[in-house]
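K.L.:
Sequence first, predicted model second:
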Amino acid sequence: MTDGKSCAIQPSDPINASPINRYLTLLAIAALRNIRPHKGSVLMLTDRICVKYGKLVDLTEAATMRFIAQNTSIPVPKVLCAFKHENITYIVMERIKGDMLGKNWVHRSEESKAKLLTQLKNMILEMRKLQAPEGIGVASVTGGSLYDCRLPGPSLRFGPFASIQGFHRHLRQGLDPGPGFEPEVQDLMRQHERTWPIVFTHGDLSSLNVLVRGDEIVGIIDWETAGWFPSYWEYTTACQVNPQNSFWIDEIDKFLTPMPDELAMDRLRLKYFGDI
């Protein structure tokens with residue numbers, strides 16, 4: 001658990017990547033990928049173990065899950081092995097058995113919903129107690145680049161940034177304040193010059209990424225978009241719900257502090273500089 005001191009930069013090295021672990025992982029994928037269930041880039045190797053792999057997967061995600069497991073009580077998949085092979089990253093982890101929070105949400109009682117959202121709120125509060133390493137700006141847990149497929153740009157990985165303003169400049173596709181822009185864009189650039197605390201952020205708190213059994217949250221998954229971000233980023237990204245998650249917009253204010261001004265600011269950014 002965090003003691004309030006600044007957290008250290010985490011390494012993005014391979015984890016338990018002995019030759020035998022690498023060999024067994026690659027062998028298992030070759031043997032099972034056509035007969036075992038997939039969920040996106042995740043292959044269920046057994047009832048207890050899965051592997052996330054692909055060219056867009058990064059060792060940073062493994063480092064993030066280890067960081068959260070070591071510094072909080074938030075339930076995350078335990079990383080068993082992580083390595084790169086021929087430009088593909090493999091993360092072998094324990095499989096958390098549970099249903100996505102959104103499953104049958106509309107049929108839950110209000111008491112059940114409140115229990116789950118309170119748990120989620122407490123987990124976020126615990127994550128907010130983590131303090132960024134000294135001198136870090138907007139960056140991953142390793143102090144390196146970030147990932148978010150919802151952001152436009154020449155690469156899905158971006159940063160790190162020494163300041164929030166540098167991050168905002170990236171979100172504006174490199175444009176600096178100046179005459180000639182529409183009034184709304186000029187207003188956005190003025191708002192982007194503000195500052196916020198840097199906090200550790202999951203970056204995709206969709207109901208699809210929260211696993212439950214009954215009235216208990218048993219896992220938070222998909223940490224690929226996580227990192228040190230301005231404090232509003234968790235709220236504004238959570239509000240970017242997809243069609244499978246449309247009911248979630250009505251629940252977000254129950255576990256995250258509402259930030260309506262920042263949400264309006266980011267929706268303005270999306271209007272001019274790209275939506276998901």
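P.N.:
In hand now; what should we look at? Residues are numbered from 1 along each chain as shown.
K.L.:
Which parts of the stretch 1-150 of the chain are strands?
P.N.:
38-39, 42-44, 49-54, 79-85, 88-94, 99-100, 146-147 (DSSP state E, counting those that start in this stretch).
K.L.:
Need the ones you listed in a markdown table (columns: distance to Trp233 and mean pLDDT).
P.N.:
C-betas here are computed from N, CA, C, even on glycine. A markdown table is the format used below for the strands of the stretch 1-150 of the chain (distance: least, C-beta to C-beta, whole Å; pLDDT from 0 to 100):
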| stretch | distance to Trp233 | mean pLDDT |
| --- | --- | --- |
| strand 38-39 | 25 | 85 |
| strand 42-44 | 25 | 95 |
| strand 49-54 | 23 | 97 |
| strand 79-85 | 24 | 97 |
| strand 88-94 | 24 | 97 |
| strand 99-100 | 23 | 95 |
| strand 146-147 | 10 | 96 |
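K.L.:
if you compare those, which one is most tucked away?
P.N.:
Mean neighbour count (mean count of other C-beta atoms under 10 Å) peaks for strand 146-147 among the strands of the stretch 1-150 of the chain, with a mean of 24.
K.L.:
what's downstream of that one, the next helix or strand?
P.N.:
strand 157-158 (DSSP states H and E).
K.L.:
residues making contact with that following strand?
P.N.:
With contact meaning C-beta atoms under 8 Å, 6 or more residues apart in numbering, strand 157-158 is reached by Asp58, Ser145, Leu146, Tyr147, Asp148, Leu151, His170.
K.L.:
What are the structural domain limits within the protein?
P.N.:
19-94, 99-273 (automatic domain parsing).
K.L.:
Relative to Ala8, which of the ones you listed is closest?
P.N.:
Of all these, domain 99-273 sits nearest to Ala8, with 5.9 Å by C-beta to C-beta.
K.L.:
And that closest one, how far out from the chain middle?
P.N.:
8 Å (C-alpha atoms, centre = their mean, to the nearest Å).
K.L.:
Also stretch 35-52?
P.N.:
That offset, for stretch 35-52, works out to 20 Å (C-alpha atoms, centre = their mean).
K.L.:
in the protein, what spans have low per-residue confidence?
P.N.:
In the predicted model, the chain carries pLDDT under 70 at residues 1-5, 275-276.
K.L.:
One more pass at 80, please.
P.N.:
Judged by pLDDT under 80, the chain has its weakly predicted residues at 1-6, 152-154, 242-244, 275-276.
K.L.:
Tell me the spacing between Met123 and Ile217.
P.N.:
Separation of Met123 from Ile217 (C-beta to C-beta, to the nearest Å): 7 Å.
K.L.:
re earlier: neighbour-wise, give me the winner out of the contacts of strand 157-158.
P.N.:
Greatest neighbour count in these, by other C-beta atoms under 10 Å, goes to Leu146: 27 neighbours.
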